[in-house]
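Colleague: build me a model:
(one chain, ligands or ions: 1)
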Amino acid sequence: MLVLGVESSCDETSVAIVRDGKEVLSNVINSQIKIHEKFGGVVPEVASRHHVYQISMVFEEAFKIANVKPEEIDLVAVTEGPGLIGSLLVGVNAAKTFSMIYNKPLIAVHHLAGHIYANAIEHEMKFPCIALLVSGGNTELIYMKEHFSFEIIGETLDDAVGEAYDKVARVVGLPYPGGPYVDKLAHEGNDTYHLPRVYLEDGSYNFSFSGLKSSVINLAHNLKQRGEEVNVQNLCASFQDSVTEVLVNKTLALAKERNVNNIIVAGGVSANKGLKERFNKEGVGFNISIPSIKYCTDNAAMIATAAYYQYQKDKTLADLKLNADANLELESK
Ligand code: KG4
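Modeller: Predicted coordinates for the structure are as follows:
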């Protein structure tokens, strides 16, 4: 089954062609990072406009690289939400147009299901499993008893992990998006600042990162006021240690509580080397799956792959009335 995937939920315009949820024939990603860098974050209106400029070219390139003709596509998959509404609409309309012109079935995919199924491209997903989803907009712990069954056990009460990374990066003068820069510098420093580890008093599997973020900001300001230098490497290492310790401990605790051996990590922050290292160290005995970096951040191959499994489970198709939904909930199919 040849699935065409379309993803435009934030600042990446991406189109992919994937065979049977595994063989990625093309995965073209046009990133707008350079455009938004100067604003220190994604500007929704600018992102939406840029998707409009890029989408046709990205479609063309995806077909060229895959060496596939539009007529050969079996299913068109598009991110319905959540995300920035103006950005989502561009992908949804492009996918609907393609589906109408070539008379191909259309399927709507949840962006977070896409991130989770990025794992299925290179590894076999085994069930039951716990998915830790960490991105710029989401931090969730999800129990999956089978394909396309999502029970959300914990989520962030305030900032998403990626968001916290990006804000901390900004405080220490690193470019946007800051996650990869903080990760790199963290490996050049040590946890000398001993920032708080936030475990909620209610004992739940929810997360909170805004207090940690404020600690970093206050520390940086206090040092500056005293005329002392911030050791950026050590601050990044301290922040990363605090974040990864909480993420890994909570994930492993949930896996133990539910007697689950399979863990998957997904979303942009799953590209984090510190997180990977900690999972490998602390998670001995668990079957831990993390996608390759190219499938961690937003891309359309993960949407095509998710659609392949979604369609196996539930043949519900979308029609030309499909609309983007900026706040779409993750539902089991
Ligand atoms: O999944 P994604 O591409 O977009 C969303 O759907 O949110 O994630 C982007 C987020 C950004 O906040 C970025 O800073 C973060 O993922 N990120 C990282 C790393 N690479 C990307 N955070 C920490 N360490 C990394 N290596």
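
Colleague: let me see the contact set for Lys213.
Modeller: 159, 164, 167-168 (C-beta atoms under 8 Å, 6 or more residues apart in numbering). For every residue, glycine as well, the C-beta is placed using N, CA and C.

Colleague: and the pLDDT for it?
Modeller: Looking at Lys213, its pLDDT stands at 93.

Colleague: could you do the one 5 residues further on as well?
Modeller: On pLDDT, Asn218 comes in at 94.

Colleague: angles on the backbone of it, please.
Modeller: phi -60, psi -40 (degrees, to the nearest 10).

Colleague: count of residues packed around it?
Modeller: The local packing of Asn218 (other C-beta atoms under 10 Å) involves 11 other residues.

Colleague: ditto for Lys69
Modeller: For Lys69, using other C-beta under 10 Å, the count is 9.

Colleague: likewise Lys145?
Modeller: Quick note: Lys145 (other C-beta under 10 Å) scores 13 neighbours.

Colleague: that one contacts Ile130, correct?
Modeller: No. Lys145 lies out of contact with Ile130 (C-beta atoms under 8 Å); the separation is 10.8 Å.

Colleague: roughly how far does the closest residue to Tyr309 other than its chain neighbours sit from the ligand?
Modeller: Counting by C-beta to C-beta, 6 or more residues apart in numbering, His147 is the residue found nearest to Tyr309 once chain neighbours are left out, at 5.2 Å. In this view, His147 and the ligand are 21 Å apart by C-beta to the nearest ligand atom, to the nearest Å.

Colleague: am I right that His147 is in a strand?
Modeller: No. Judged by DSSP: H, G, I helix; E, B strand; the rest coil, His147 forms no part of a strand; its state is coil.

Colleague: now do the contacts for it.
Modeller: Contacts of His147 by C-beta under 8 Å, 6+ apart are 125, 127, 309, 312-313.

Colleague: so which bits of stretch 207-225 are buried?
Modeller: Residues of stretch 207-225 classed as buried: 207-209, 212-213, 215-216, 219-220 (neighbour count, 16 or more other C-beta atoms under 10 Å).

Colleague: what does stretch 185-193 give?
Modeller: Buried positions in stretch 185-193, judged by neighbour count with 16+ other C-beta under 10 Å: 185-186, 189, 191, 193.

Colleague: that older thread, and the buried residues of stretch 207-225 near the ligand, which?
Modeller: Checking the buried residues of stretch 207-225 against the ligand by C-beta under 6 Å from any ligand atom, not one of them is in range.

Colleague: save those as TSV, and put in secondary structure too.
Modeller: What follows is the buried residues of stretch 207-225, written out as TSV (three-state DSSP):
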residue	secondary structure
Phe207	strand
Ser208	coil
Phe209	coil
Leu212	helix
Lys213	helix
Ser215	helix
Val216	helix
Leu219	helix
Ala220	helix
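
Colleague: between the residues you listed, which sits nearest Glu155?
Modeller: Glu155 has its nearest neighbour among the buried residues of stretch 207-225 in Phe207, at 7.1 Å by C-beta to C-beta.

Colleague: surely the closest one touches Glu155?
Modeller: Yes. If you go by C-beta under 8 Å, Phe207 and Glu155 touch, sitting 7.1 Å apart.
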